[in-house]
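In: sequence plus the predicted model coming up.
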Amino acid sequence: MQQVVPWYKQFWPWFLIVLPLCVVIASFTTLKIAIDHADPLVAEDYYKDGKAINMDLRKSKYAKQLGMQYSFTMSGNQIVISQHGGPEYNTALKIAFYHPTIAERDFEQMVTADTNRNYRIDLAEPLTGAWEVRLESYDSTWRIHQRINIAPEQVFWLN
């Protein structure tokens with residue numbers, strides 16, 4: 001007579017229990033990751049944001065009409081920006097740097113020209129990689145917005 005082995009000592013019931021159990025655990029892990037690292041809301045008032053984009057385009061077009069052109073150099077922990085085209089502009093500039101993937105690294109600063117008509121920004125550590133750079137006049141009449149890939153001691157043209 002054949003001896004009956006209890007179910008909990010056999011391989012197949014445990015195999016069939018473990019597979020769905022792994023899926024349940026993976027699902028809860030994925031849910032926790034999704035909750036902890038939720039994407040920020042794109043825009044609550046997209047219509048208002050769309051109108052603001054059109055205003056930005058007018059400012060960019062005006063900067064092109066004026067022929068505004070600036071050079072950008074990363075020298076050590078200092079950014080040096082100087083004007084090379086358009087009417088002479090010696091008042092303060094609003095300068096903003098936006099990282100394409102890490103919003104915490106974004107920063108804005110209002111800078112004034114030194115005696116050599118250069119705008120300087122001192123940083124805690126040098127910037128590298130891709131950045132969106134926005135230069136805007138103090139009175140917000142014109143704006144230059146450009147994506148650049150920053151490398152040390154290299155000159156970039158913002159126009």
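Out: Received it, and whenever you're ready, just let me know what you need.

In: helices or strands next to the longest helix seen in the chain in the packing?
Out: Across the chain, the longest stretch assigned as helix under DSSP state H is helix 11-36. Helices and strands touching helix 11-36, by 3 or more C-beta pairs under 8 Å, 6 or more residues apart in numbering; DSSP states H and E: there are none. C-beta: built from backbone N, CA, C; applies to glycine.

In: pLDDT on that helix, on average?
Out: Helix 11-36 carries an average pLDDT of 94.

In: cool, stretch 145-154 as well?
Out: The model assigns stretch 145-154 a mean pLDDT of 80.

In: if we can go back for a sec, from the chain's centroid, how far away is the longest helix of the chain?
Out: 35 Å (C-alpha atoms, centre = their mean, to the nearest Å).

In: now residue 113: phi and psi?
Out: Per-residue torsions, residue 113: phi -80, psi 150 (degrees, to the nearest 10).

In: please list all residues in contact with it.
Out: 90-91, 119 (C-beta atoms under 8 Å, 6 or more residues apart in numbering).

In: swap in residue 64?
Out: Residue 64 makes contacts with residue 159, as judged by C-beta under 8 Å, 6+ apart.

In: please, which helix or strand holds it?
Out: Assigned by DSSP states H and E, residue 64 belongs to helix 46-66.

In: give the next helix or strand downstream of that helix.
Out: strand 69-75.

In: that next one - contacts with which helices or strands?
Out: strand 78-85, strand 143-150, strand 155-158.
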